[in-house]
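Chemist: Can you look at this prediction? I've put the sequence above it.
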Amino acid sequence: MKYAVLVLVTLGLPALAIEPLAQRIGHTDPSKYHRSRSHDSAGDMACETLLPRDALTTNLEFMHRCQIMPGGGVGHHFHNQCEEMFIVFDGAAEFTVDGRTSALKGTVGAPVRMGHSHAIYNPSDHPVEFMNITVTSIKGKYDAFNLGDARVGAAKDPIPNFMTMNLDKKFLRPSPTYRGGQGTAQYRRALSPEVFLSNWSYVDHLVLPHETSEGRHRHPGLEEIYFVLNGEGEVQVDKETASIHKGDAVPVLLNQVHSFRNNGTQDLELMIVGIATRKGVLDTVEVK
C-alpha cells in the first residue's frame, strides 16, 4: 500500500490521501509469505505484512500474518518504544514473557508492555498459524534489543506468569442491536486500555451471526483494524462497500463511518484492534 501524507492541522496528526477501500484491505495470502528468522530465532517463520505502519495515522507499526515453521519462532528480545502481541490461531506454541515460558493453545495471544522481554517458539512438527501486531509510543519509531536466546527447551510453567488473551467464543455475551445494528451480536472486550502503556486502546472480539450487523458509527479519537477470524461478509466505510473474507484486515481511520454485515452463511467472527490518538481516548458516535 502507498499513501500520500497530508497534514491534519486540527489534531496535529498526519492524514492520509485515501485509496479505494478494496485496495486498503490487507488479504492473507500464503503465496506472498517470505521465510526469515527473527530476533535470533532457532528456525524460520514465513510472513507477509498484512498492514504497514501507514495504514493508520495512529501509532500502528505493523500487522504481520505468518506461519511459524517447526522449530521456528521469534527469539527473546525487548522493545523499549513499542508494545507487541503475538497471536496463535491454531495448534499451540511456547510463549515467553520476562523469561517465563508457557505453552498456549490457539486462538490465544500474549500482549507485552514496553520494556518487557518476549519470545515465541513452535516445538511441534507442523507449521502454526500466527500473527504479530506492534504499536509504537512514537509514530514510526521501532526499536529492539535481542538477547540471543531462541528459548529452545525452556522450562515451562503450567499456568502462565504473564497476561494472555483468549478468543474463545464461550466468553462472548449477547449484544442486541450492537452499535445500532440489526439482530443480536456476540461481543466481548478481550483486552482493555489498562493492559497497555501506549495508545493501544483495546482488542475486542465480535461475532455477527447470519444477517446480523454492526451499526454505522465513527470514532473521532481512535482508529481500528478489523481482522476477519472466520466467515465472510461486507464492510462499509464512509460511502464505499467491499466484501471481506477470512484472513482480511480492514483499516478504519479517524472519523470514518463504518459498519459490518454478515451476508454469508456462517458466523462472521472479528478481532478488533483499537489505537487512540492519545492515551485514554475511547469515543464512539453512532450514525443513523
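Modeler: Ah, there it is.

Chemist: these two touch, right, residue 62 and residue 48?
Modeler: No: between residue 62 and residue 48 there is no contact, the gap being 10.4 Å when judged by CB atoms under 8 Å. To be clear about C-beta, it is placed using only N, CA and C from the backbone, and glycine gets the same treatment.

Chemist: Run through the helices of the protein in chain order.
Modeler: Along the chain, counting by DSSP state H, helices occupy 21-24.

Chemist: Pass me the low-pLDDT residue ranges in it, would you?
Modeler: 1-17 (pLDDT under 70).

Chemist: Mind doing that once more with 90?
Modeler: The chain contains residues with pLDDT under 90 at 1-19, 106, 280, 288.

Chemist: Contact partners for residue 237?
Modeler: 21, 250, 252, 256, 257, 258 (CB atoms under 8 Å, 6 or more residues apart in numbering).

Chemist: So what's the residue count around the first one?
Modeler: Read it as residue 21. Residue 21: 20 surrounding residues under other CB atoms under 10 Å.

Chemist: Spatially nearest residue to it, not counting backbone neighbours?
Modeler: residue 240 (3.9 Å; CB to CB, 6 or more residues apart in numbering).

Chemist: Let me see the contact set for residue 149.
Modeler: Residue 149 neighbours (CB under 8 Å, 6+ apart): 40, 75, 76, 119.

Chemist: repeat that for 7 Å
Modeler: Residues in contact with residue 149 (CB atoms under 7 Å, 6 or more residues apart in numbering) are 75, 76.

Chemist: ok so, going back, so the residue nearest to residue 21 touches residue 18, yeah?
Modeler: No: when contacts are counted by CB atoms under 7 Å, residue 240 is not listed as touching residue 18 (9.3 Å).

Chemist: Residue 249 bridge partners, please.
Modeler: residue 26, residue 227 (DSSP bridges).

Chemist: what about it, how many neighbours?
Modeler: 23.

Chemist: And residue 176, by the same measure?
Modeler: 10.

Chemist: Quick check: beta-bridge partners of residue 268?
Modeler: Beta-bridge partners, per DSSP bridges, of residue 268: residue 208.

Chemist: residues in contact with it?
Modeler: Applying CB under 7 Å, 6+ apart, the residues near residue 268 are 208, 231, 232, 233, 262.

Chemist: Make a markdown table out of the residues you listed and add neighbour count.
Modeler: Output for the contacts of residue 268, formatted as a markdown table (neighbours: other CB atoms under 10 Å):
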| residue | neighbour count |
| --- | --- |
| 208 | 27 |
| 231 | 20 |
| 232 | 16 |
| 233 | 24 |
| 262 | 25 |
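
Chemist: now, among those, which is nearest to residue 197?
Modeler: The nearest member of the contacts of residue 268 to residue 197, counting by CB to CB, is residue 208 at 31.5 Å.

Chemist: The closest one touches residue 228, doesn't it?
Modeler: No: applying CB under 7 Å as the test, residue 208 and residue 228 come out as separate, 10.6 Å apart.

Chemist: between the contacts of residue 237, which is nearest residue 197?
Modeler: Nearest to residue 197 among those, with distances taken as CB to CB, is residue 252, at 23.3 Å.

Chemist: any idea how far that closest one is from residue 216?
Modeler: 12 Å (CB to CB, to the nearest Å).
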